[in-house]
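In: What follows is a protein structure lacking sequence information:
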């Protein structure tokens, strides 16, 4: 529980970025708890983090499109419509129609478009360049601090199905967690309190191969805030 000598950075670009007031209030309380444990809190600017969301939703669907091409109803996995009267293309179409949900299909279509001839450099290639810039932001930040902290999500859990008609609102839930995924470093989410009766998470991000820093901060926070009983469903 002792964080004496540990320097933690709060990402300037995440300050109030579409986050609910209740989430920010609980996060600030958690930051105060970390300060009482001996941590030094400083603000760190990571300017390219603002481009993480659009970059991720070009890179991830592109990888999804490439990886899921193997599910063709022939080599392994689900096979639908193979009754001897249909062609390979028909079986493949029926298999993918039955086996992939709406979000998976959406990502396959986006990824296939981003990787297509004439658009590869404009979309996927540019997104990979942004990924490099985000990695550089992390590298520069970790020269100043031992770890970065932020809320895990901008808002608490929403009712099932509430945002499925608006994919962009769904994707915004990943706003704070995407940068560390693009960077490839370790990250952990620890419950730090309740807002409107629902749990709020605090995210700890550390450099690659420095998982020990992440666990140290997370364990200290858990010891400070204790545990809570989830609301009844």
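Out: Noted; the coordinates are in hand. Treat the numbers as computed from the prediction; the structure is a model and nothing was measured.
In: okay, CA-based contacts and neighbour counts for the rest of this
Out: OK.
In: Summarise which helices and strands the least confident helix or strand in the chain by mean pLDDT is packed against.
Out: Comparing helices and strands within the chain by mean pLDDT, DSSP states H and E singles out helix 167-171 as the least confident, with a mean of 84. Applying 3 or more C-alpha pairs under 8 Å, 6 or more residues apart in numbering; DSSP states H and E, we find helix 167-171 packed against no helix or strand.
In: Give the buried residues for the next helix or strand after it.
Out: Following helix 167-171 in sequence order, the next helix or strand is helix 178-183 (DSSP states H and E). Residues 178-180, 182-183 are the ones in helix 178-183 that count as buried (16 or more other C-alpha atoms under 10 Å).
In: which residues touch helix 178-183?
Out: Residues from elsewhere that reach helix 178-183 (C-alpha atoms under 8 Å, 6 or more residues apart in numbering): 49, 52-53, 56, 131-132, 134-135, 138, 186-187, 205.
In: If we only consider the residues you listed, which is nearest to residue 80?
Out: Nearest to residue 80 among the contacts of helix 178-183 is residue 56, at 32.0 Å by C-alpha to C-alpha.
In: Doesn't that closest one belong to a helix?
Out: Yes: using DSSP: H, G, I helix; E, B strand; the rest coil, the secondary structure at residue 56 is a helix.
In: So which bits of stretch 195-208 are buried?
Out: Buried-residue list, stretch 195-208, by 16+ other C-alpha under 10 Å: 195, 199-207.
In: One more: stretch 140-151?
Out: For stretch 140-151, the neighbour count (16+ other C-alpha under 10 Å) marks 141-142, 145-151 as buried.
In: could those be laid out in CSV, adding pLDDT?
Out: Formatted as CSV, the buried residues of stretch 140-151 follow (pLDDT from 0 to 100):
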residue, pLDDT
141, 98
142, 98
145, 98
146, 98
147, 98
148, 98
149, 97
150, 96
151, 96
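In: ok, back up a step: residues in contact with the least confident helix or strand of the chain?
Out: Contacts of helix 167-171 with the rest of the structure, by C-alpha under 8 Å, 6+ apart, involve 53, 163-164.
In: re the thing from before, now, which of the buried residues of helix 178-183 sits nearest residue 12?
Out: Using C-alpha to C-alpha, residue 179 is the member of those that sits closest to residue 12, with 13.6 Å.
In: Next one: that closest one from residue 64, what distance?
Out: Using C-alpha to C-alpha, to the nearest Å, residue 179 is found at 18 Å from residue 64.
In: got it, and residue 27?
Out: Per C-alpha to C-alpha, residue 27 is found 33 Å from residue 64.
In: And those two? Which one has more around it.
Out: In terms of neighbours (other C-alpha atoms under 10 Å), residue 27 is the more surrounded of residue 27 and residue 64; the figures are 23 against 18.
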